[in-house]
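> have a look; sequence and predicted model below, questions after that.
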Amino acid sequence: DFCDGLEYQIQFNDHRMLDTIEHEGASFIRLMENCRDRERRENSSCSRSPTTWEKETSNAMFYRSRPVLSDQST
């Protein structure tokens, strides 16, 4: 729901709200990016798998990656 609200803000071309979110939610945004990166790397056959104590994504250590879509149908 919140993401839908953010998408709605785009039409106003007023970046103050997005600047506020970036400033106030910077640590959450970093966590979200780390979770997505970890999931992408865990599901990739080309990228190296993340290690448990990897400094860059240690805040996402307990994030459980979703299975690849082809794995979900089995």
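Yes, it's here. Numbering: from 1, shown residues only.
> and the helices in this structure?
Per DSSP state H, the chain carries helices over the ranges 2-9, 16-24, 26-42, 69-72.
> residue 35: how many residues sit nearby?
Counted with other CB atoms under 10 Å, the neighbours of residue 35 add up to 17. All C-beta atoms are positioned from the backbone trio N, CA, C, and that covers glycine.
> residue contacts, it?
For residue 35, the contacting residues are 60, 63, by CB atoms under 8 Å, 6 or more residues apart in numbering.
> ok, it to residue 6 distance?
The gap separating residue 35 from residue 6 is 18 Å, by CB to CB, to the nearest Å.
> just to revisit the earlier point, could you dump the helices of the chain into TSV with mean pLDDT added?
Output for these, formatted as TSV (pLDDT from 0 to 100):
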stretch	mean pLDDT
helix 2-9	84
helix 16-24	85
helix 26-42	87
helix 69-72	66
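> turn the ones you listed into CSV, including distance to residue 58.
Listed next are these as CSV, based on distance: least, CB to CB, whole Å:
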stretch, distance to residue 58
helix 2-9, 25
helix 16-24, 22
helix 26-42, 8
helix 69-72, 26
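> return the most buried member of those.
helix 26-42 (a mean of 14; mean count of other CB atoms under 10 Å).
> quick check: angle from that helix to helix 16-24?
When axes from the mean of the first three to the mean of the last three CA atoms, to 10 degrees is applied, the directions of helix 26-42 and helix 16-24 differ by 80 degrees.
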